[in-house]
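1. After the sequence you'll find the predicted model.
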Amino acid sequence: MVRPILAAGLLILLASDPALAQRPSESAPDRAWWDTLAVGPATRRPWQRRSTLITVRDGVRLAADVYLPADRRPDERLPVLLEQTRYFRSYRRTNPELDARIGPPLGLIAFVEAGYGVVVVDVRGTGASFGSRLAEFSPAEIDDGWDVVTWIAEQPWSNGAIGSTGVSYPGTTAEFLGTLGHPAVKAVAPRFSLTDLYADVTHPGGIFLEPFFRTWETMVRHLDANEVTQAQRALTTGVRPAADGAEGERLLADAIRDHQANQYLFGQLADLRSRDHRMPNGWPIDTISPHVRYAAMRNGPAVYNWSGWVDGGFGYAAIKRFLTAPNPRSRLLLGPWNHGGAWVTEPGQPPYRSAFRQLEEMRRFFDLHLRPGTTAPGNEPPVRYFTTGENRWKTSTTWPPATRDTVLHAVGSRRLAAATPAAGMLAGFQVDTMLGTGGASRWNTILGGGAVQYAPLDSAGPGIIAFSSEPLPHPLTITGHPVVTIRGRYSDSDPTLFVYLEQVDSSGRSALITEGQLRLIHRRVSPAPRWHPVPAAYHSFLAADTIAVPIGEPVEAVIELLPVSHQVPAGNRLRLQVRGADRDHFLLPVRQWRATILGGTRVHLPIE
């Protein structure tokens, strides 16, 4: 576990510096539709930083860094971007020269140079902020956002128009901020982040993402104690204090003492059988999940929902947020990206650096909503998505775009075919808990932002069932939400299924297109609530909807695969794999069991 923790910590540290962050490629096909690569030299304003403490309603003091143009006139009032993070708002570097020139996280200094104010805050119980936390995204932490925005709006350098953005955890704090109804918050851009904590990341398909949370908790415990690794000490001594000199050191020590009372997610999540099961702190998980807040909202800020196809479950999160956040000016952007968007993943190809200029695209969005009289384009299509294989950006007025439903059935001889099969046994397997999908998957990238690259999956092992189509006569573009229905019999009352949709070329080499999983006690399909208006099966994951699997009797389970847009080349076959475990990413079954796959198993493909 040491390597992922170190990698994530170094990513957080280095990504604060535009000079050290990963550079985009100029030739990658995901270059933005507006990007001609003929960008002239920009006017860059000098900037300055000061650290301060913001006192919120219950007396807790939050550490903040305020970045402003150094040449700001006394009467100049600026639009402001806010980022609230639990990963240190800034590090104190051991090199004074480097420390003096490094700005806020992930290159947001470009906004200061373009005439914005930027405020970065350590959320309560983290970094150099005081207080402690009963959980991530606690109600107290979310309400702090209101007080921070009010403080910003009252400052003499603020024009009262505030936006918020961030990647991953800070992306979720931006989403929460947008649900509060503060009149100063005009626009938010949650990037590569969750909206439904249970379904998107803690329990995708109802199965605990155990290795991720075990590792993530170890990392944040070290952060909350202001501990840095031996490798990091050459670069930093830890979080930046909220004041200079001896006073800053005293304040930091007092804040770190407060953090000793923090509670952490891993132990709270391990025994959750359903989304309404109460955690040890007494809350159901939806208490700390932003998606439930949309039911009470009538209006809100413009939201830029931004993610990638291989960004864990966060691409699906961006879709759900786009369809439920009540603002007609909101947008959806889905690229071929990993977590954070530095890398492009195209099925069957090695990952490569993205050419998409994220800072410029954020500027286009925030200029439109935070700068009065802006000339930024405001009439663009609300949905943009990238189709891998075809390698081009497309637009739509809705999600999903118009498609036709194509059904392929699993039939005898391990085939996928359009013809409806007869009932009966097709194949069987014994669960193999040694099976996994490797250390560079969509679920790995959410810890540290690494490139996603799946090795070809074995389809012939004893714990695997696979069904293949005939070679495709024409290219086939799958866009939207594939759904797989598995009919089977099981020797256990609580099995899990993992389903993979692949393309297989003429040489037999396979490449993953998308995947999904389901704990079968959650197989009941329920009417979709307002915050899940997508054309796929909705599983509530509520205790009242759980159904034990009757041993040896046929049951049907509908499994939604993660959304995708990909063109499968002509001559390739489609292959559907079914397994019972993914040891690399999900909690393993506690018992051995056997599955028999029956006729009626099928896959619904949305075809452009």
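-> Structure's in. What do you need? Computed from a prediction, not measured in an experiment: that's the story for all the values here. Residues are numbered from 1 along each chain as shown.
2. which residues touch stretch 51-59?
-> 61-66, 121, 124, 128, 140, 143-144, 147-148, 151, 240-244, 248, 251 (CB atoms under 8 Å, 6 or more residues apart in numbering). (Each C-beta comes from the backbone N, C-alpha and C, glycine too.)
3. Buried residues, it. List them.
-> By neighbour count on 16 or more other CB atoms under 10 Å, the buried set for stretch 51-59 is 51, 53-54, 56.
4. Among those residues, name the ones in strands.
-> With DSSP state E as the criterion, strands contain 51, 53-54 from among the buried residues of stretch 51-59.
5. about what we covered before: may I see the buried residues of stretch 51-59 organised as JSON lines, with pLDDT and distance to Thr195 added?
-> Below are those laid out as JSON lines (pLDDT from 0 to 100; distance: CB to CB, whole Å):
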{"residue": "Ser51", "pLDDT": "97", "distance to Thr195": "31"}
{"residue": "Leu53", "pLDDT": "98", "distance to Thr195": "31"}
{"residue": "Ile54", "pLDDT": "98", "distance to Thr195": "27"}
{"residue": "Val56", "pLDDT": "98", "distance to Thr195": "25"}
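6. thinking again about what came up before, so which of the contacts of stretch 51-59 sit within strands?
-> Short answer: those in strands (DSSP E) are 61-66, 121.
7. Mind jotting down where the helices sit in the stretch 351-500 of the chain?
-> For the stretch 351-500 of the chain, applying DSSP state H, counting those that start in this stretch gives helices covering 358-370, 442-445.
8. so can I have CSV of those helices showing mean pLDDT?
-> Below are those laid out as CSV (pLDDT from 0 to 100):
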stretch, mean pLDDT
helix 358-370, 94
helix 442-445, 97
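9. hey, which of these is tucked in deepest?
-> When the helices of the stretch 351-500 of the chain are scored by mean count of other CB atoms under 10 Å, the highest mean neighbour count falls to helix 442-445 (a mean of 25).
10. Give the other helices and strands that it contacts.
-> The helices and strands touching helix 442-445, judged by 3 or more CB pairs under 8 Å, 6 or more residues apart in numbering; DSSP states H and E, number zero.
11. Alpha carbons only: can I get it in CSV?
-> Presented in CSV, the C-alpha positions along helix 442-445 are these (Å, rounded to 0.1, in the frame of the first residue of the first chain):
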residue,chain,number,x,y,z
ARG,A,442,-10.6,2.9,-13.9
TRP,A,443,-10.8,2.2,-10.1
ASN,A,444,-7.0,2.7,-9.6
THR,A,445,-6.9,6.1,-11.3
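12. what's that helix in contact with?
-> 4, 209, 212, 310-313, 338-340, 437, 450-452, 515, 562, 584-585.
13. dump the residue contacts of the closest residue to Arg221 other than its chain neighbours.
-> Once flanking residues are discounted, Arg221 sits nearest to Tyr264: 6.7 Å by CB to CB, 6 or more residues apart in numbering. Tyr264 sits next to 217, 220-221 when contact means CB under 8 Å, 6+ apart.
14. Quick check: Tyr264 vs Gly59, distance?
-> Distance from Tyr264 to Gly59, counting by CB to CB, to the nearest Å: 24 Å.
15. how many other residues sit next to Ser526?
-> Neighbour count of Ser526, defined by other CB atoms under 10 Å: 15.
16. Spit out the contact partners of it.
-> Neighbours of Ser526 in contact, by CB under 8 Å, 6+ apart: 538-540, 545.
17. May I have the phi/psi pair for the closest residue to Pro351 other than its chain neighbours?
-> Nearest residue to Pro351 in three dimensions, chain neighbours excluded: Ala451, at 3.9 Å (CB to CB, 6+ apart). Note on Ala451: backbone dihedrals following degrees, to the nearest 10 are phi -60, psi 150.
18. of all the helices of the stretch 351-500 of the chain, which lies closest to Ala100?
-> For these, the distance to Ala100 is smallest for helix 358-370, at 21.6 Å, taking CB to CB.
19. ok now the closest one, how far from the chain's centre?
-> 20 Å (CA atoms, centre = their mean, to the nearest Å).
20. Also stretch 234-242?
-> Distance of stretch 234-242 from its chain centroid, counting by CA atoms, centre = their mean, is 27 Å.
21. And stretch 245-265, by the same measure?
-> 29 Å.
22. Equivalent analysis for stretch 179-187, please.
-> Averaging C-alpha positions (CA atoms, centre = their mean) puts stretch 179-187 22 Å from its chain's average.
23. If you count neighbours, what's buried in it?
-> Buried residues in stretch 179-187 (16+ other CB under 10 Å): 179-180, 182, 184-187.
24. just stretch 455-464 next, same as before
-> Neighbour-count burial for stretch 455-464 [16+ other CB under 10 Å]: 457, 459, 463-464.
25. export these to JSON lines and tack on pLDDT and distance to Arg363?
-> Converted to JSON lines, the buried residues of stretch 455-464 look like this (pLDDT from 0 to 100; distance: CB to CB, whole Å):
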{"residue": "Leu457", "pLDDT": "93", "distance to Arg363": "40"}
{"residue": "Ser459", "pLDDT": "90", "distance to Arg363": "46"}
{"residue": "Gly463", "pLDDT": "95", "distance to Arg363": "49"}
{"residue": "Ile464", "pLDDT": "96", "distance to Arg363": "47"}
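26. which of those residues sit farthest apart?
-> Longest span within these, CB to CB: Leu457 and Gly463, 12.0 Å.
27. one step back: burial count for the residue nearest to Pro351?
-> 18.
28. do the same with Asn379
-> Asn379 - counted by other CB under 10 Å - has 4 other residues nearby.
29. Low-confidence regions, the stretch 1-150 of the chain specifically.
-> Low-confidence segments of the stretch 1-150 of the chain (pLDDT under 70): 1-26, 37-42.
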